[in-house]
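# okay, predicted coordinates and the sequence, questions at the end:
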Amino acid sequence: PAKPTRKRRHPGRAPLPDHLPRHEILLPVPEAQRRCPVTGEERPVIGYEETEKLEYIPETLRVNVYKREKLGSPMGAEEGGVTTAPMPDAAGRIPPFCHAAPARWDPLGATLSAGLSLRWLRDRLRLTSSNPYATMGTSASKVPPGSDGLIFIPYLVGERSPIMEPDATGSFVGLQYSHRRAHLTRAVMEGVACSLRATRDAVVDAGGRCERWLAVGNGLASPIWRGIVADVYDEPLHFVAAPERTAVGAALIGGIAAGTYASFEEAAAVSQPPLHTTEPDPERVRIYEDVYGRYSRLSSMLLEAGRA
């Protein structure tokens with residue numbers, strides 16, 4: 001028998017195409033072939049933007065006592081994870097996305113100027129050593145937690161989560177003559193950590209719960225920055241040392257499409273587990289609780305001033 005036709009909600013409009021799995025092999029697309037010539041053996045796959053999160057899938061499948069199990073913090077810009085049920089946020093702070101894996105969702109928050117903030121400072125300080133970020137990390141480690149009162153608001157290109165304000169601007173607040181380059185560097189790291197915590201708090205407020213934090217990305221490769229984030233969160237960070245996790249996730253999707261792996265679970269099982277755990281320090285946690293309170297108040301004040 002003929003299949004029943006779907007009733008159009010808006011007569012006159014073309015219906016949306018059917019949803020396809022992210023690991024589906026596409027038919028040849030002439031324009032895509034023109035832009036990316038292939039030899040005939042390659043097959044294009046739909047793919048998924050947040051591919052670094054594919055590695056969280058085995059953990060979310062093993063733990064089902066709660067519908068929102070694991071979240072991760074890729075320091076490049078985003079803070080999200082994998083959940084087994086949609087996690088809508090009525091306040092609009094944490095956009096929910098469909099994950100690449102079936103029956104999985106990705107509540108995604110983002111700090112737009114995370115690693116970008118440190119790059120901005122590197123360029124303004126004109127650091128030209130062979131490894132400027134290592135130099136910055138070493139200098140920042142010599143500054144006490146709280147950067148001697150200096151607070152950085154990392155809204156250099158507006159901000160997404162949790163304020164969703166494209167016109168927000170960044171600031172150094174509390175700058176004094178005694179502050180040096182190292183203070184600026186540590187303040188930037190602390191400000192980004194506070195911004196990420198604000199997103200974490202919004203996820204929790206929306207009903208999420210995190211059992212373990214996975215840290216990926218080049219920013220959290222810095223031991224000093226990873227330690228600051230752990231202290232600001234008051235949570236251990238489990239760091240995956242291998243770089244380019246997004247490329248690994250894309251390769252896993254390709255492997256599923258090609259039949260190398262039978263499922264997302266099998267593909268994710270071959271990925272590298274966390275290698276390092278950074279524990280929060282109780283004394284620094286106490287200090288950063290006060291820093292985060294100041295950061296939150298200053299952020300709100302500056303946002304209101306910018307809207308005036």
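Sure thing, it's come through.
# contacting residues for Ser195?
Residues near Ser195 by Cβ atoms under 8 Å, 6 or more residues apart in numbering: Thr111, Ala114, Pro154, Glu159. For glycine as for every other residue, the C-beta is placed from the backbone atoms N, C-alpha and C.
# in a markdown table: those residues, plus neighbour count.
Converted to a markdown table, the contacts of Ser195 look like this (neighbours: other Cβ atoms under 10 Å):
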| residue | neighbour count |
| --- | --- |
| Thr111 | 29 |
| Ala114 | 28 |
| Pro154 | 29 |
| Glu159 | 26 |
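# which ones among those residues map onto helices?
Nothing among those maps onto helices, per DSSP state H.
# quick check: the two most widely separated of these?
Ala114 and Glu159 (10.7 Å; Cβ to Cβ).
# still on that earlier bit, out of the contacts of Ser195, which one sits closest to Glu279?
Nearest to Glu279 among the contacts of Ser195, with distances taken as Cβ to Cβ, is Ala114, at 21.9 Å.
# that closest one and Val192 touch, don't they?
Yes - with contact defined as Cβ atoms under 8 Å, Ala114 and Val192 form a contacting pair (5.0 Å).
# now do the contacts for Ala262.
Ile256.
# change it to 10 Å
Taking Cβ atoms under 10 Å, 6 or more residues apart in numbering, we find Ala262 in contact with Gly255, Ile256.
# what does Tyr261 give?
Tyr261 neighbours (Cβ under 10 Å, 6+ apart): His23, Leu252, Ile253, Gly254, Gly255, Ala267, Ala268, Ala269, Val270.
# among these, which ones are in strands?
Among these, the subset assigned to strands under DSSP state E is empty.
# now, which of these lie within helices?
Per DSSP H, those map to helices at Leu252, Ile253, Gly254, Gly255, Ala267, Ala268.
# distance to Leu125, pLDDT and neighbour count for those - can I get that in TSV?
Shown next, in TSV, are the ones in helices among the contacts of Tyr261 (distance: Cβ to Cβ, whole Å; pLDDT from 0 to 100; neighbours: other Cβ atoms under 10 Å):
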residue	distance to Leu125	pLDDT	neighbour count
Leu252	39	80	26
Ile253	39	81	24
Gly254	41	81	19
Gly255	43	84	17
Ala267	42	82	25
Ala268	40	76	24
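# could you dump those residues into a markdown table with distance to Trp120 added?
What follows is the ones in helices among the contacts of Tyr261, written out as a markdown table (distance: Cβ to Cβ, whole Å):
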| residue | distance to Trp120 |
| --- | --- |
| Leu252 | 33 |
| Ile253 | 33 |
| Gly254 | 35 |
| Gly255 | 37 |
| Ala267 | 36 |
| Ala268 | 34 |
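# mind saving the C-alpha coords of stretch 88-99 as PDB?
Output of stretch 88-99 as PDB, limited to C-alpha atoms (Å, rounded to 0.1, in the frame of the first residue of the first chain):
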ATOM      1  CA  PRO A  88      15.700  22.300  27.900                       C
ATOM      2  CA  ASP A  89      16.600  25.500  29.700                       C
ATOM      3  CA  ALA A  90      13.600  27.900  30.100                       C
ATOM      4  CA  ALA A  91      16.000  30.800  30.500                       C
ATOM      5  CA  GLY A  92      17.700  30.100  27.200                       C
ATOM      6  CA  ARG A  93      21.200  30.000  28.700                       C
ATOM      7  CA  ILE A  94      22.100  26.500  27.600                       C
ATOM      8  CA  PRO A  95      21.000  25.600  24.000                       C
ATOM      9  CA  PRO A  96      20.200  21.900  23.600                       C
ATOM     10  CA  PHE A  97      21.500  20.100  20.500                       C
ATOM     11  CA  CYS A  98      21.000  16.700  19.100                       C
ATOM     12  CA  HIS A  99      24.100  14.600  19.500                       C
END
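# having no further points to raise, I will conclude here.
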